[in-house]
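*Asks:* fold the following.
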Amino acid sequence: MADSIMPVGDLAKHVGEEIGASSWTTLDQARINEFAHCTGDHQWIHLDAERAARESPFGGTVAHGFLTLSLLAPTGFEVLLTRIAPKSVVNYGLEQALWFAPSAAEATEDITFHRSNAHPHVAAECQAVREAVGLLEISNYGKFEVSGAGTEEWLSYVMANRVPKAGRIALTPMLNERGKLIGDFTLCRLAAEHVFLICTYAAQEYYRRWFDRHAPPPGVTVRPCAMQYVGLSVAGPRSRALLQSVVREDLSSAAFPFLSFRRLDVGMIPALVGRISFTGDLGYEIWVTTEYQRALYDLLMGAGAEQGLKLFGGRALNSLRIEKSFGTWAREYRPIYGPYEAGLGRFVDLKKGEFVGRAAALEERDSGGALRLVTFTVDASDADASGDEPVWHDGKVVGWVTSGAYGHSVRQSLALGYIP
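*Replies:* Numbers count the residues shown, from 1 in each chain. Reported below is the predicted structural model:
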């Protein structure tokens with residue numbers, strides 16, 4: 001895009017376009033050390049170069065995630081403020097609701113390793129999802145659109161699972177050459193040569209570089225589109241009734257079965273709708289371009305009132321997915337694990353032909369791997385595991401916890417983790 005001043009109101013016309021690139025920023029060890037001092041995060045993976053060289057899978061220290069995230073402000077301002085002429089600028093950050101307080105007076109949380117005062121509110125959100133219907137924002141995922149002749153063949157090579165048929169969804173790991181997990185994707189096939197990919201937003205730039213390394217053939221376009229599409233998810237036994245009330249198409253199991261994906265008008269809002277949910281319940285993910293999100297939210301909240309619709313946040317989602325033994329990226333799924341160790345073997349199609357990591361995945365399947373992801377019940381009365389706690393057996397540490405939460409539906413403290 002040409003360097004020129006534009007009205008702020010015209011920014012929406014350029015969604016999906018690159019409007020500039022910032023100057024380079026060097027994250028040296030001194031800057032990482034300063035950030036550690038400011039935040040109190042002195043973990044060795046950030047500060048101890050010698051230990052990181054020996055023990056870290058990255059071969060050295062890594063910058064704090066929040067340090068890299070904080071650079072969005074200066075780099076974004078550098079690019080944006082040369083293109084527009086604002087009267088003032090506010091940096092308001094990126095947010096995701098952890099839980100919803102029933103009143104303003106209760107919208108505070110005690111900072112504690114024990115179960116906080118938010119515990120009963122999270123329980124109510126979980127109950128709504130399991131017994132009625134809940135609504136969750138899912139905008140904070142990475143997204144790509146892959147299109148053009150040869151889309152299926154290229155995706156079949158870079159992903160471990162088979163590409164689904166048009167109108168269907170498939171879950172798939174993405175492996176490196178050593179057969180280790182580097183991605184956890186949802187493949188949503190809109191048409192023969194058009195696939196919508198959903199992935200981890202924090203790794204989207206890494207995935208873009210990986211796709212460049214395994215470049216698609218001429219005619220296939222891979223377009224990052226996380227900033228273009230936002231989403232809301234409805235989940236629970238009444239989610240179909242809610243969505244059916246604002247959609248003309250038949251959403252019955254016969255007409256719109258599990259793992260379906262189509263373009264639908266939700267009310268008068270054009271959307272991409274998939275029948276899938278990370279809570280493990282009947283549910284739907286609804287993706288729209290940014291200008292429609294508020295209208296979609298208002299429509300669903302209004303139509304959901306008679307179904308008992310309740311907002312739920314990240315804490316409830318964590319509890320609900322752990323009850324179903326669902327892993328998540330950066331916790332259960334990381335490049336130190338293989339797909340069979342992580343319980344993802346059913347999403348690896350060794351019969352489809354060659355793909356990146358196939359030989360190593362086949363070897364892991366035959367050997368069984370060194371680890372197994374398992375679900376634990378935890379004997380805990382007022383505190384729950386959160387991750388990185390040791391797993392002991394016969395007086396020895398034999399594994400580690402990757403995630404933990406109180407399972408409000410099963411009334412049991414739970415954890416996921418790896419053991420030999």
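*Asks:* switch to C-alpha atoms for all contacts and neighbour counts from now on
*Replies:* OK.
*Asks:* in the lowest-mean-pLDDT helix or strand in the chain, which residues are buried?
*Replies:* For the chain, using mean pLDDT, DSSP states H and E, the weakest element among its helices and strands is helix 72-80, scoring a mean of 73. Neighbour-count burial for helix 72-80 flags Leu80 (criterion: 16 or more other CA atoms under 10 Å).
*Asks:* tell me the phi and psi of the most centrally placed residue in the chain?
*Replies:* By CA atoms, centre = their mean, the chain has its centre lying nearest to Thr200, at 4.2 Å. Main-chain dihedrals, Thr200, degrees, to the nearest 10: phi -80, psi 120.
*Asks:* what's in contact with the least confident helix or strand of the chain?
*Replies:* Ile19, Gly20, Ala21, Ser22, Ser23, Asn91 (CA atoms under 8 Å, 6 or more residues apart in numbering).
*Asks:* before we move on, the earlier item: residues contacting the residue nearest to the centre of the chain?
*Replies:* Contacts of Thr200 (CA under 8 Å, 6+ apart): Tyr141, Gly142, Gly183, Asp184, Phe185, Trp329.
*Asks:* what about the fifth one, distance to Val356?
*Replies:* What that stands for is Phe185. Distance, Phe185 to Val356, using CA to CA, to the nearest Å: 15 Å.
*Asks:* report the lowest-confidence entry in the contacts of helix 72-80.
*Replies:* Within those, Asn91 has the lowest pLDDT, namely 52.
*Asks:* picking up where we left off before, next structured bit after the least confident helix or strand of the chain?
*Replies:* helix 119-131 (DSSP states H and E).
*Asks:* can I get that next one in PDB, CA atoms only?
*Replies:* Output of helix 119-131 as PDB, limited to C-alpha atoms (Å, rounded to 0.1, in the frame of the first residue of the first chain):
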ATOM      1  CA  HIS A 119     -14.800 -20.100  42.300                       C
ATOM      2  CA  PRO A 120     -18.700 -20.100  42.700                       C
ATOM      3  CA  HIS A 121     -19.100 -17.800  39.700                       C
ATOM      4  CA  VAL A 122     -17.000 -20.100  37.500                       C
ATOM      5  CA  ALA A 123     -19.100 -23.000  38.800                       C
ATOM      6  CA  ALA A 124     -22.300 -21.300  37.700                       C
ATOM      7  CA  GLU A 125     -20.800 -20.700  34.200                       C
ATOM      8  CA  CYS A 126     -19.900 -24.400  33.900                       C
ATOM      9  CA  GLN A 127     -23.300 -25.400  35.000                       C
ATOM     10  CA  ALA A 128     -24.900 -23.200  32.400                       C
ATOM     11  CA  VAL A 129     -22.900 -24.800  29.600                       C
ATOM     12  CA  ARG A 130     -23.500 -28.400  30.800                       C
ATOM     13  CA  GLU A 131     -27.200 -27.900  31.400                       C
END
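*Asks:* alright, calling it a day.
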